[in-house]
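Participant: Build me a model:
(chains A and B)
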Amino acid sequence: MTGLRVLGVAAALAALLLPAGAPAYLLGVGLQLFMYATLAGSWNVISGFTGYTSFGHVAFFGIGAYTAAILITRLGMAWPWAALAGGAMALLLGLPVGAICLRLKGPYFAIAMLGFAESLRLLATLWTSLTKGGTGITLPPIQTLVPTYYAMLACAAAVLALNYWIATSSFGLRLLSIREDERGAEAIGINTTTHKIAAFALSTVFPGIVGGVYSQYITYIDPSSVFLALITVQTIIMTILGGAGTVLGPVLGATAISVVQEVLWARFPHVHQGLLGALIIFVILFLPGGVVEVLKERRILPRVRSI
Amino acid sequence: MLLDPALLLQTALSGILLGAVYALLAGGLNLIFGVMRIINVAHADLMMLGAYNTFWLFSLWGVNPLLGLLGGMPVLFALGWGLQRFLVSRVVRASELTSLLLTFGISIVIVNVGLYAFTGDFRSVAYLSGSIVVRGMALSKVRLVAFAVALAITVAVFLFLRWHPWGRAIRATSQHADLALACGIDVDLVRLGTFGLAAALAGAAGSLISMMYSIYPEMGAFFLLKSFAIIILGGRGSFPGAFVGALILGLIESFTALWTTATHAEAAAYVTLILMLLLKPSGLLGEEE
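Facilitator: Numbers count the residues shown, from 1 in each chain, chains lettered A, B, ... in the order given. Next comes the predicted model:
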């Protein structure tokens, strides 16, 4: 356990101090890593702990990106506020959608969410007066990456803390009981509807914020780049590789895949995506609990819920 | 002008012509769902492989697309059989989400193998151009042929499911797998055959679609959502239901395209899907769960 703490502190320090000496390229890599850690960790709240697999998580990312881009370009709002507004908008649009779609079970929820994300992509394409449609929105160039880097890091840290709180709280236990047996959870007096909606709401805010941060970082967005299904794919594979329903799983999965991608796969784009697919198949068949569960079984990690 | 009777009738007919092709695709998806309670996310990617099979046979050796369709079906059958045998059968008893994620992985692999092997270029099969004009309505020849072929295959599968002992075994497994097993039906074999049959139907649909639209390796996602909308419309696990749902979606799409734009028609499938999921998730012909 102490070894683990030392590792954790070292990783946190490295993340905090990276901008002091690293080249812009490494900052970019770190920034994307934290973005994916945020997406994966927030997907984990609804899909890992609560068991409602969503195939449309990119919807909230896209909402945040568009909200921030529109606020920055039309109203000249400062980007941190615009990104926060992106998170608020993701929550605002996510709540009614969640309230409705969570009535569906299993695969139907997954598909409804996929439909939701695709509908938003089409909406962003068609609503040209607001979004400029397929032309996309160009944002002002940024001077330095450092604030953006810290914004992404803060989101990733907040989502990690959120996952820790859920895993160790009675709220999280009730979510797990919904995942394991929803009718049973209802029978012992858990209001499953409010719990599911709360978990869903918690999973929408941070993707919205990082979407907003991303749009000012990348300085150009269009419907197919911020409502990209591949972002959902990556989010899902990172979480299940690391371990869905665990605290460290999404972070570990996001780190492993981002690093491997950066080092190796980015050079062979189709091979890389194909390998992601093969990795999903492999993990589902042979590592259904993800890496964290394996480490716990082998006693390399302590068998506690807070990891 | 938009309410001109001839135009309305033409729109309705083209919707039905399109719907029959959708029915082939969605019918297979529904068969798999019925027999295994699995939603095969890779289904429309099998369709993409069928489309490319027809395209390459046609452009390399000038093979008639309809012959390509017939030749492709056994190949897709074998592929579907193999997928079931080596991958999907391992998760049949696991939770629904496990199989959903597994077939999702298979889908990504197939699409990227397609991108690698065929590149992302749009391609098409130039077969039977022109249209027939009947009473002021222009009906494209290739769509009429595609409709006839799709309808013939759908009816054949329907009759097979209805009367043939193997088809009845599929329906029995679909109704209650454990009871079917107790009655001496080799349920595992039924699942292999069903997955193969569904893949062959998807391949046939792909061949027909390659004659009507441009094809590209990522086309599956677009058609997958359509087939979801169809099976939700028509009822899950029901082969005739998929046929009805497909005709309805074909009509919805062609009328949306008439009154608005083609992009709106694309959105129509999603809107239909979401509305049906919310209002009547068991579908128009499906049974309440």
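Participant: Let me see the contact set for the closest residue to residue A:81 other than its chain neighbours.
Facilitator: In space, and not counting its chain neighbours, residue A:81 is closest to residue A:71: 7.6 Å by C-beta to C-beta, 6 or more residues apart in numbering or on different chains. Yep, even glycine has a C-beta here, placed from its N, CA and C like the rest. Residues near residue A:71 by C-beta atoms under 8 Å, 6 or more residues apart in numbering or on different chains: A:77, A:81, A:82, A:85.
Participant: So which bits of the stretch 51-200 of chain B are right by chain A?
Facilitator: Residues of the stretch 51-200 of chain B lying close to chain A (C-beta under 8 Å from any C-beta of the partner chain) are B:87, B:90-91, B:94-98, B:100-102, B:104-113, B:115-116.
Participant: please redo it, this time with the cut-off set to 7 Å
Facilitator: B:87, B:90-91, B:96-98, B:100-102, B:104-106, B:108-109, B:112-113, B:115-116 (C-beta under 7 Å from any C-beta of the partner chain).
Participant: Just the buried residues out of those, in PyMOL syntax.
Facilitator: A single PyMOL command is used to select the members of those judged buried by 16 or more other C-beta atoms under 10 Å in any protein chain shown:
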select buried, chain B and resi 87+90+91+96+97+98+100+101+102+104+105+106+108+109+112+113+115+116
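Participant: Now the buried members of the contacts of residue A:71.
Facilitator: A:77, A:82, A:85.
Participant: helix or strand for the second one, which one?
Facilitator: Right, the one you point to is residue A:82. Element membership for residue A:82 (DSSP states H and E) is helix A:79-101.
Participant: which outside residues touch that helix?
Facilitator: Residues outside helix A:79-101 that contact it (C-beta atoms under 7 Å, 6 or more residues apart in numbering or on different chains): A:60, A:63-65, A:67-68, A:71-72, A:109, A:112-113, A:116, A:151, A:197, A:200-201, A:204-209, A:211-213, A:216, B:278.
Participant: Helices of the stretch 201-307 of chain A, start to end?
Facilitator: Taking DSSP state H, counting those that start in this stretch to define them, one finds helices in the stretch 201-307 of chain A at A:223-226, A:229-242, A:249-263, A:269-286, A:290-297.
Participant: what pLDDT, on average, does the second one get?
Facilitator: Right, the one you point to is helix A:229-242. Mean per-residue pLDDT for helix A:229-242: 89.
Participant: which stretch of helix or strand covers the spatially most central residue of chain A?
Facilitator: The centroid of chain A falls nearest to residue A:39 when counting by C-alpha atoms, centre = their mean (0.9 Å). Per DSSP H and E: residue A:39 is located in helix A:24-43.
Participant: Can you give me the buried ones in the next helix or strand after that helix?
Facilitator: Later in the chain than helix A:24-43, the nearest helix or strand by DSSP H and E is helix A:58-75. For helix A:58-75, a neighbour-count test (16+ other C-beta under 10 Å) marks A:58-73 as buried.
Participant: C-alpha coordinates for helix A:58-75, PDB please?
Facilitator: Extracted C-alpha coordinates of helix A:58-75, given in PDB (Å, rounded to 0.1, in the frame of the first residue of the first chain):
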ATOM      1  CA  VAL A  58     -19.100  11.600 -27.200                       C
ATOM      2  CA  ALA A  59     -22.500  13.500 -27.300                       C
ATOM      3  CA  PHE A  60     -21.600  15.500 -24.100                       C
ATOM      4  CA  PHE A  61     -18.000  16.100 -25.300                       C
ATOM      5  CA  GLY A  62     -19.500  17.600 -28.600                       C
ATOM      6  CA  ILE A  63     -22.100  19.700 -26.700                       C
ATOM      7  CA  GLY A  64     -19.300  21.200 -24.600                       C
ATOM      8  CA  ALA A  65     -17.100  21.800 -27.600                       C
ATOM      9  CA  TYR A  66     -19.900  23.600 -29.500                       C
ATOM     10  CA  THR A  67     -21.100  25.600 -26.500                       C
ATOM     11  CA  ALA A  68     -17.700  26.800 -25.700                       C
ATOM     12  CA  ALA A  69     -16.800  27.500 -29.400                       C
ATOM     13  CA  ILE A  70     -20.000  29.500 -29.900                       C
ATOM     14  CA  LEU A  71     -19.600  31.500 -26.700                       C
ATOM     15  CA  ILE A  72     -15.900  32.300 -27.400                       C
ATOM     16  CA  THR A  73     -16.400  33.300 -31.000                       C
ATOM     17  CA  ARG A  74     -19.800  35.100 -30.700                       C
ATOM     18  CA  LEU A  75     -19.600  36.700 -27.200                       C
END
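Participant: for that helix, the distance to its chain's centre please.
Facilitator: With C-alpha atoms, centre = their mean, to the nearest Å as the basis, helix A:58-75 stands 16 Å off its chain's centre.
Participant: Now that helix: average pLDDT?
Facilitator: 94.
Participant: and that helix with helix A:229-242, angle?
Facilitator: Counting by axes from the mean of the first three to the mean of the last three C-alpha atoms, to 10 degrees, helix A:58-75 lies at 130 degrees to helix A:229-242.
Participant: Run the chain-centre distance for stretch B:126-143.
Facilitator: Using C-alpha atoms, centre = their mean, the mean C-alpha position of stretch B:126-143 is found 23 Å from that of the whole chain.
Participant: So for it, first residue to last residue, what's the gap.
Facilitator: End-to-end distance of stretch B:126-143 (C-alpha to C-alpha, to the nearest Å): 13 Å.
Participant: Show me what counts as buried in that stretch.
Facilitator: B:127, B:128, B:137, B:140, B:142, B:143.
Participant: what's the answer for stretch A:138-150, then?
Facilitator: Neighbour-count burial for stretch A:138-150 [16+ other C-beta under 10 Å]: A:139, A:145, A:147, A:148, A:149, A:150.
Participant: what sits up against that stretch?
Facilitator: With C-beta under 7 Å, 6+ apart, stretch A:138-150 has contacts from A:19, A:24, A:27-28, A:30-31, A:69, A:72-73, A:213, A:215-217, A:219-220.
Participant: what's the distance between the helix holding residue A:82 and the middle of its chain?
Facilitator: In terms of C-alpha atoms, centre = their mean, the centre of helix A:79-101 is set 14 Å apart from its chain centre.
Participant: Counting neighbours, which bits of that helix end up buried?
Facilitator: Buried, per 16+ other C-beta under 10 Å, within helix A:79-101: A:79-80, A:82-91, A:93-94, A:97-98, A:101.
Participant: about what we covered before: and which of the buried residues of helix A:58-75 is nearest to chain B?
Facilitator: Chain B has its nearest neighbour among these in residue A:59, at 12.1 Å by C-beta to the nearest C-beta.
Participant: Would you agree the closest one is in contact with residue A:117?
Facilitator: Yes. Applying C-beta atoms under 7 Å, one finds residue A:59 in contact with residue A:117, separated by 4.0 Å.
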